[in-house]
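Asker: Predicted coordinates and the sequence they were generated for:
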Amino acid sequence: MTGRPLRLPVAPESIKGFLEVEEGERLYQLARAASERGPCLEVGSYCGKSTLYLGVACRERNQLLYAVDHHRGSEEHQPGEAYHDGELLDERSGRLDSFRAFRDTLARAELENTVVPIVASSAMAGRHWLHPLALVFIDGGHSREAALNDYRVWAPHVQVGGVLAIHDIFPDPADGGQAPYEIFELALASGLFKALDKTLTLGVLQRIG
Ligand code: SAH
Ligand code: MG
């Protein structure tokens, strides 16, 4: 996809996270185009890598990005699990806490006036949500329950013409967990979305109905 050249205020490699540069740049282009119509929202911010790309696009449009994450980590981030990072453990509570790192990212990237952190579960954040969204990026929990919930809660809020992007799409079960792929397929089967080009594991849908 073509678009304006991306200038980031901080190096994405300086932020812990799970997003390839190519995927981030695609998110930037999508948000840059979409945020003309309204605010964007992401589920699953972690330390703010995806937030950086989406946030910079929103800032350029003088738009807001809502960033939903309880900051307690997904299953795979918990102590003893494959993606645990001891630096994110809060010593006082003994629990994972990515919010401090997330806030550091917002400050370093000068996104504090663009990103609205919502430190809550996706279900709680969505319970009374009413505002139409130009772009929703789902990158939260990867259990079937979490992914289905994210889809059911947030997909209805995507404006017609808006974008639903879903990370960690692995059509082949040998490559990774299937829950994100399943909600991608659900969105297509609903007839409300059409698929746009993927970027690595980033699935992209546009709302058509
Ligand atoms: N987008 C990030 C990676 C997100 S990792 C990046 O670019 O690096 C997944 C995140 O989803 C974790 O921070 C975890 O705390 C959050 N998460 C998992 N389940 C959630 C839920 N039900 N509600 C809110 N956040 C959730
Ligand atoms: Mg991901």
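Answerer: Here it is on my side, so go on. Numbers count the residues shown, from 1 in each chain. Ligands and ions are numbered 1, 2, ... in the order given.
Asker: Next, see if the helix or strand hosting Y53 gets close to ligand 2.
Answerer: Applying DSSP states H and E as the criterion places Y53 in helix 49-60. No: using C-beta under 5 Å from the ion, helix 49-60 never reaches ligand 2; the gap is at least 8.0 Å. Every C-beta, even on glycine, is put in place using the N, C-alpha and C of the backbone.
Asker: how about that helix: buried residues?
Answerer: Within helix 49-60, the residues scored as buried using 16 or more other C-beta atoms under 10 Å are 49-60.
Asker: repeat for stretch 58-77
Answerer: Quick answer for stretch 58-77 (16+ other C-beta under 10 Å): 58-61, 63-74, 77.
Asker: From the residues you listed, which land in helices?
Answerer: Counted as lying in helices by DSSP state H, out of those, are 58-60.
Asker: Turn those into TSV, columns for pLDDT.
Answerer: Formatted as TSV, those follow (pLDDT from 0 to 100):
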residue	pLDDT
C58	98
R59	98
E60	97
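Asker: Nearest to ligand 1, out of the residues you listed: which one, please.
Answerer: Nearest to ligand 1, judged by C-beta to the nearest ligand atom, of these is C58 at 15.2 Å.
Asker: got a list of what that closest one touches?
Answerer: By C-beta atoms under 8 Å, 6 or more residues apart in numbering, the contact set of C58 is 31, 35, 39-40, 64-65, 114-115.
Asker: Now do the same contact list for the residue in the chain that ligand 2 sits nearest to.
Answerer: Nearest residue of the chain to ligand 2, counting by C-beta to the ion: H167, 3.8 Å away. Contacts for H167 (C-beta under 8 Å, 6+ apart) come out as 18-19, 23, 44, 50, 137-139, 180, 201-203.
Asker: rewinding a little: so which of the ones in helices among the buried residues of stretch 58-77 is the closest to P9?
Answerer: The closest of those to P9 turns out to be R59 (C-beta to C-beta; 9.2 Å).
Asker: separation between the residue lying closest to the closest one once chain neighbours are set aside and ligand 1?
Answerer: Setting aside the residues directly before and after it, R59 is nearest to T114 in space (C-beta to C-beta, 6 or more residues apart in numbering), at 4.3 Å. Separation of T114 from ligand 1 (C-beta to the nearest ligand atom, to the nearest Å): 16 Å.
Asker: For H142, see how far away T114 is.
Answerer: Per C-beta to C-beta, to the nearest Å, T114 is found 27 Å from H142.
Asker: what are the C-alpha coordinates of the longest strand along the chain, in PDB please?
Answerer: In the chain, taking DSSP state E as the definition, the longest strand is strand 158-166. Extracted as PDB, the C-alpha positions of strand 158-166 are listed here (Å, rounded to 0.1, in the frame of the first residue of the first chain):
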ATOM      1  CA  VAL A 158     -16.700  -0.400  13.200                       C
ATOM      2  CA  GLN A 159     -18.200   2.200  10.900                       C
ATOM      3  CA  VAL A 160     -19.300   1.200   7.400                       C
ATOM      4  CA  GLY A 161     -16.200   1.800   5.300                       C
ATOM      5  CA  GLY A 162     -14.100   1.400   8.400                       C
ATOM      6  CA  VAL A 163     -11.400  -1.200   9.100                       C
ATOM      7  CA  LEU A 164     -11.200  -4.200  11.400                       C
ATOM      8  CA  ALA A 165      -7.600  -5.500  11.700                       C
ATOM      9  CA  ILE A 166      -6.800  -8.700  13.500                       C
END
